[in-house]
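Peer 1: take a look and give me a structure for this.
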Amino acid sequence: MGAVLSKKRIRKSDAVVQEVKVVESCMVAPSAQTPRHGLWLSPLDLMLVNRGHTPTVYFYRSESGGDFFDVARLKAAMAKALVAFYPLAGRLGVGGRDGRAVIDCAGQGALFVAARSELAVDDFSGFKPSPELRRLFVPRVEDYSPPVMCAVQVTFLKCGGVALGTALHHVAADAISAFHFFETWSAFSRDGDAAAAAALEPPFHDRTLLRARSPPFVHPDALTVFCPKLNLSTEPSARPVVSEAFDISKDQVAALKSACVSGEGGRVSTFCAVSAHVWRCVCVARRLPPDATTRLTFPASVRRSLRPPLPAGYFGNGIIWLGAAGQVRDVASSGSEGLPSVADRIRGAVRRMDDELVRSAVDYFELTTEADSKPAPGRMAETELRVISWLGMPVYDADFGWGKPLAMLRAEAERAGFVYLMDGGQGAGSVRVVICTEAAILDDFQRLLYAKF
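Peer 2: Numbers count the residues shown, from 1 in each chain. As a prediction, this is how the structure comes out:
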């Protein structure tokens, strides 16, 4: 018997965009001597060398007195965190005779910006990505050459709250590594030196563990599930694109996971269940031709799939993109076997992750030219959906001593067809779905997301 997801209305921000006034901008260097060398980058890093910085924003509501987000305390804590995470104080450079990109680690520092604004936390109660969110709260890094690896902006709002914008260069860290740094920085600010150092996993910086084989070899079966590139159309879309956030409660997630279990039984992860449901909803809302082939791609961490596994705290890029595909009529089927079948397609791709697949992916990118790593122009085909999961990651653990963030999100979506999943604000087990898609299908997508399944 199907369950029904209750609808939660998301209030749209009606704030008038106002400028942010920068009051301080400086470089924060590590507080102690750090290694000085060109940090070798793996093929999984190099594929992102031209991808630029990942923009995120944390929102904090003021619950305390006058020292709320004290700038001196934040900078001192960052300087201590950068001792262990010293590549984030470096710059993108070129090393050796081969011209291969490296992170030039010489303690140059991370960019720290303090600012003020007449906006308030409640002006962004929808907490969804937008170009204005990035423009207002994420520090500008475009003017720095060579590129900085890490930049943060602390914006004090008129309500007493704070927007903490961050920009980490993707060549330096994936999401797992980025959250590791923010956990460490906030712990130094919150708990002090000894407690932070004792409680946290130190980062591991030897990226040669993801060196390509000699000679590189891509197993023929790898490309049936490994998806190194997006399928993009060079034709611009005439339809406006918007981002929106939807919340699914713990009970609703449990019901969805139960609906994904096939007759043979078996456990279905939250990621597989929610991704399968979102994929079906997008296919139906976009009114795709039944005989078209649709594909869902998603990042998967290689850290535990290698033999031996990567060390705990591996700092860098340790993800590859996997994919599941099928005909629209099968993915969008409303029959009793439809949702379990779609979840099984995704689960099957996850289960294919092993040492050979990861090594083949690393070798593939070793053989890929630098030109191929540049972000391609154009839009994703409507048959494509890309789901990025931050489920289970310490998204809300960035407590600098003044409480956990009210919300955290990517500041600006990349393009239509991108979906982010993260633990929701309705308690453990809830999920927030942030989707960037064509405005014309948003109402249908919302109706389908909260309909019977």
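Peer 1: all contacts plus neighbour counts: C-alpha atoms, from now on.
Peer 2: Noted.
Peer 1: confirm P35 sits in a helix?
Peer 2: No: using DSSP: H, G, I helix; E, B strand; the rest coil, the assignment for P35 is coil, not a helix.
Peer 1: distance between the ends of stretch 255-269?
Peer 2: 12 Å (C-alpha to C-alpha, to the nearest Å).
Peer 1: buried ones in it?
Peer 2: A255, L256, K257, S258, A259, C260, V261, S262, V268 (16 or more other C-alpha atoms under 10 Å).
Peer 1: then stretch 21-29?
Peer 2: So stretch 21-29, judged by 16+ other C-alpha under 10 Å, has buried residues M27, V28, A29.
Peer 1: now the helices for the protein?
Peer 2: Secondary structure of the chain (DSSP state H): helices at 43-46, 71-84, 131-137, 175-191, 193-199, 250-259, 270-285, 328-331, 338-351, 355-367, 442-449.
Peer 1: closest to W402 out of those helices?
Peer 2: W402 lies closest, by C-alpha to C-alpha, to one member of the helices of the chain: helix 175-191, at 7.8 Å.
Peer 1: on that earlier part again, just name the closest of the buried residues of stretch 21-29 to S360, please.
Peer 2: A29 (37.8 Å).
Peer 1: and the furthest pair within the buried residues of stretch 255-269?
Peer 2: Largest pairwise distance in the buried residues of stretch 255-269, by C-alpha to C-alpha, is 13.6 Å, between A255 and S262.
Peer 1: contacting residues for A77?
Peer 2: W185, S186, F188, S189 (C-alpha atoms under 8 Å, 6 or more residues apart in numbering).
Peer 1: in CSV, list the residues you listed along with neighbour count.
Peer 2: Shown next, in CSV, are those (neighbours: other C-alpha atoms under 10 Å):
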residue, neighbour count
W185, 25
S186, 23
F188, 24
S189, 24
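Peer 1: now those residues in JSON lines, with distance to V20?
Peer 2: As requested, these are exported to JSON lines (distance: C-alpha to C-alpha, whole Å):
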{"residue": "W185", "distance to V20": "24"}
{"residue": "S186", "distance to V20": "24"}
{"residue": "F188", "distance to V20": "28"}
{"residue": "S189", "distance to V20": "25"}
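Peer 1: and which of those is nearest V71?
Peer 2: Closest to V71, out of all of the contacts of A77 and judged by C-alpha to C-alpha, is S189, at 10.5 Å.
Peer 1: touching, that closest one and V71? I think so.
Peer 2: No: in this structure S189 lies outside contact range of V71 using C-alpha atoms under 8 Å: 10.5 Å.
Peer 1: return every residue with contacts to both of these two.
Peer 2: Going by C-alpha under 8 Å, 6+ apart, no residue sits against S189 while also sitting against V71.
Peer 1: I'd like the distance between the residue lying closest to P131 once chain neighbours are set aside and W402.
Peer 2: Once flanking residues are discounted, P131 sits nearest to E412: 5.6 Å by C-alpha to C-alpha, 6 or more residues apart in numbering. Relative to W402, E412 is positioned 26 Å away (C-alpha to C-alpha).
Peer 1: cool, M47 as well?
Peer 2: 38 Å.
Peer 1: ok, those two, which is more surrounded?
Peer 2: Ranked by neighbour count (other C-alpha atoms under 10 Å), M47 and W402 place M47 first, with 25 against 20.
Peer 1: got the phi/psi numbers for that one?
Peer 2: Reported as degrees, to the nearest 10, the phi and psi values for M47 are phi -70, psi -10.
Peer 1: start at 10 instead
Peer 2: Sure thing, new numbering starts at 10, so read that last one as M56.
Peer 1: just checking, it touches D372?
Peer 2: No: in this structure, M56 is not within contact of D372 by C-alpha under 8 Å, at 11.6 Å.
Peer 1: S398 contacts Y429, correct?
Peer 2: Yes: contact criterion C-alpha under 8 Å: S398 and Y429 qualify, at 5.8 Å.
Peer 1: thinking again about what came up before, of all the buried residues of stretch 264-278, which comes closest to P156?
Peer 2: So of the buried residues of stretch 264-278, ranked by how close each gets to P156 (C-alpha to C-alpha), first place is V277, at 41.8 Å.
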